[in-house]
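[1] With the sequence up front, the predicted model follows.
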Amino acid sequence: MTTACAPGKVILFGEHAVVYGRPAIAVPVTQVQARVDIEAASGGLTIIAADQNQTHDYASLDSKHPLATIIRLTLEALQVSTPPSATIKITSSIPIASGLGSGAAVSTALARALAAFYGQALPNQAISDLVYQVEKIHHGTPSGIDNTVIAYAQPVYFIREKVLEPFSVPVPFRLVIGDTGVASPTRLAVGDVRVAWQAQPALFERLFDACGQIADQARQRIETGNPAGLGDLMTQNQALLREMTVSSPELDRLVAAASAAGAWGAKLSGGGRGGNMIALVNSDTEATVTQALYQAGAKNVIATTIEGSTHSPL
Ligand code: PMV
């Protein structure tokens with residue numbers, strides 16, 4: 001059996017503005033992941049999406065289906081002309097449509113597992129490029145940040161269509177991630193922001209610029225070992241996202257609860273309107289913030305350490 005996994009992700013700074021060429025920062029979340037197992041079998045290629053209780057026959061899947069697309073593109077990249085006779089089993093602990101990158105993680109794990117099945121390894125950038133093609137089906141006009149952070153599985157400072165800049169996290173920090181439980185397809189929020197930007201271009205350009213500046217300041221604070229200084233930047237970014245109309249009453253409630261419980265800062269993460277928010281905590285505030293999030297209606301809360309070195313968390 002061949003197995004591959006891919007992590008979830010959160011966007012720390014710059015969502016939406018990143019679609020318009022501003023920088024953004026995203027980090028992998030390894031506590032949740034997508035996993036793909038492939039086993040040789042007779043009788044064609046079967047895909048079992050275990051969490052959804054769905055079984056697909058590859059030969060009869062719509063060619064635009066995301067799973068059919070990533071399989072076809074990966075086989076092309078591997079120069080394999082006939083699909084294998086095998087069973088592909090997909091499982092994922094990443095909530096769907098909640099800003100944690102579930103679609104990109106499934107595609108990434110699937111592309112990696114298929115390459116391994118054929119005894120090949122595709123470089124991270126090749127995987128990222130394949131997954132980007134599938135992200136276009138989910139999202140319409142994705143910036144490419146999700147496929148990049150998930151394929152590389154490391155913190156990224158990302159500018160659309162520019163060379164990727166991984167960066168170091170010399171002092172690790174803790175985030176709690178609170179799930180509103182409200183499913184919110186990214187495509188809709190991204191589409192609404194586009195309509196609003198077309199209606200009020202000067203306002204939205206100013207908002208996007210401000211988000212980009214925050215991402216640059218955040219990178220500097222992370223790289224100089226001052227992650228506690230990210231808190232006020234998160235709060236500022238959240239205010240800009242509210243102005244862009246992508247927050248929601250549920251997100252606002254969780255962000256306010258985290259701040260009141262002692263988080264250094266909090267904001268929505270990803271497309272918004274629902275999905276997840278993040279709060280910056282330390283070992284003194286993590287438990288209180290987690291409890292406050294549940295009391296404010298979070299359906300699930302996970303904590304994760306963002307790191308790029310061997311220092312211990314704040
Ligand atoms: O909702 P998510 O986690 O897929 O994040 C989308 C991030 C956006 O900036 C809103 C869109 C994009 O393609 O970058």
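    That came in fine, so what should we check first? Note that the structure is predicted; figures quoted are calculated from it, not measured.

[2] alpha carbons only for contacts and neighbour counts from here, please
    OK.

[3] Contact partners for Pro66?
    Residues in contact with Pro66 (Cα atoms under 8 Å, 6 or more residues apart in numbering) are Val134, Ile137, His138.

[4] Please flag which of those sit within helices.
    Among the contacts of Pro66, the members found in helices (DSSP state H) are Val134, Ile137, His138.

[5] Of those, which is the most crowded?
    Highest neighbour count within the ones in helices among the contacts of Pro66: Val134, with 24 neighbours (other Cα atoms under 10 Å).

[6] Show the pLDDT at it.
    Looking at Val134, its pLDDT is 95.

[7] Isn't it up against Ile70?
    Yes. In terms of Cα atoms under 8 Å, Val134 counts as a neighbour of Ile70; the distance is 6.4 Å.

[8] what touches both of those two?
    Counting by Cα under 8 Å, 6+ apart, the residues touching both Val134 and Ile70 are Ser107.

[9] any chance of the contacts of Pro66 in a markdown table, plus distance to Leu207?
    Converted to a markdown table, the contacts of Pro66 look like this (distance: Cα to Cα, whole Å):
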| residue | distance to Leu207 |
| --- | --- |
| Val134 | 29 |
| Ile137 | 27 |
| His138 | 25 |
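
[10] so which of the residues you listed comes closest to the ligand?
    Relative to the ligand, the closest of these is His138; by Cα to the nearest ligand atom it sits at 9.0 Å.

[11] ok, the closest one touching Arg187?
    Yes. With contact defined as Cα under 8 Å, His138 counts as touching Arg187 (6.9 Å).

[12] okay, and the helix or strand of the protein with the least pLDDT?
    Across the helices and strands of the chain, the lowest-confidence element by mean pLDDT, DSSP states H and E is strand 165-166, at a mean of 76.

[13] Which strands border that one, and is each parallel or antiparallel?
    strand 156-158 (antiparallel) (DSSP bridges).

[14] Contacts for the least confident helix or strand of the chain, please.
    By Cα under 8 Å, 6+ apart, strand 165-166 touches Gln154, Pro155, Val156, Tyr157, Phe158.

[15] Show me what from this structure comes close to the ligand.
    15-16, 18-19, 99-101, 142-145, 186, 190, 270-271 (Cα under 6 Å from any ligand atom).

[16] Report the lowest-confidence entry in those residues.
    Minimum pLDDT across the residues of the chain next to the ligand is recorded for Gly99, with 81.

[17] which residues sit in contact with that one?
    Gly99 touches Lys9, Val10, Thr186, Ser269, Gly270, Gly271, Gly272, Gly275, Asn276, counting by Cα under 8 Å, 6+ apart.

[18] go again using 7 Å as the cut-off
    Residues near Gly99 by Cα atoms under 7 Å, 6 or more residues apart in numbering: Val10, Ser269, Gly270, Gly271, Gly275, Asn276.

[19] thinking the last one is in contact with Ala97, fair?
    No. With contacts defined as Cα atoms under 7 Å, Asn276 does not count as touching Ala97, sitting 9.6 Å away.

[20] Please say which of the two ends up with more neighbours.
    Taking other Cα under 10 Å, Asn276 and Ala97 do not tie; Asn276 has more neighbours (32 against 21).

[21] show me where pLDDT drops low in this protein?
    309-314 (pLDDT under 70).

[22] about what we covered before: name the nearest of the contacts of strand 165-166 relative to the ligand.
    Phe158 (9.7 Å).

[23] Report the two of the contacts of strand 165-166 separated the most.
    Farthest apart among the contacts of strand 165-166 by Cα to Cα are Gln154 and Phe158. That separation is 11.7 Å.

[24] Who has more neighbours out of those two?
    Phe158 (26 against 21).

[25] What is the burial count for Val80?
    12.

[26] Quick check: next helix or strand after the longest strand seen in the chain?
    When the chain is parsed with DSSP state E, its longest strand is strand 24-40. Using DSSP states H and E, the helix or strand that follows strand 24-40 towards the C-terminus is strand 45-49.

[27] Restrict that next one to CA atoms and write it as CSV.
    Taking C-alpha atoms only, strand 45-49 is exported to CSV below (Å, rounded to 0.1, in the frame of the first residue of the first chain):
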residue,chain,number,x,y,z
LEU,A,45,-9.7,2.6,-10.6
THR,A,46,-12.0,3.1,-7.7
ILE,A,47,-12.0,6.2,-5.4
ILE,A,48,-13.4,5.9,-1.9
ALA,A,49,-14.1,9.2,-0.2
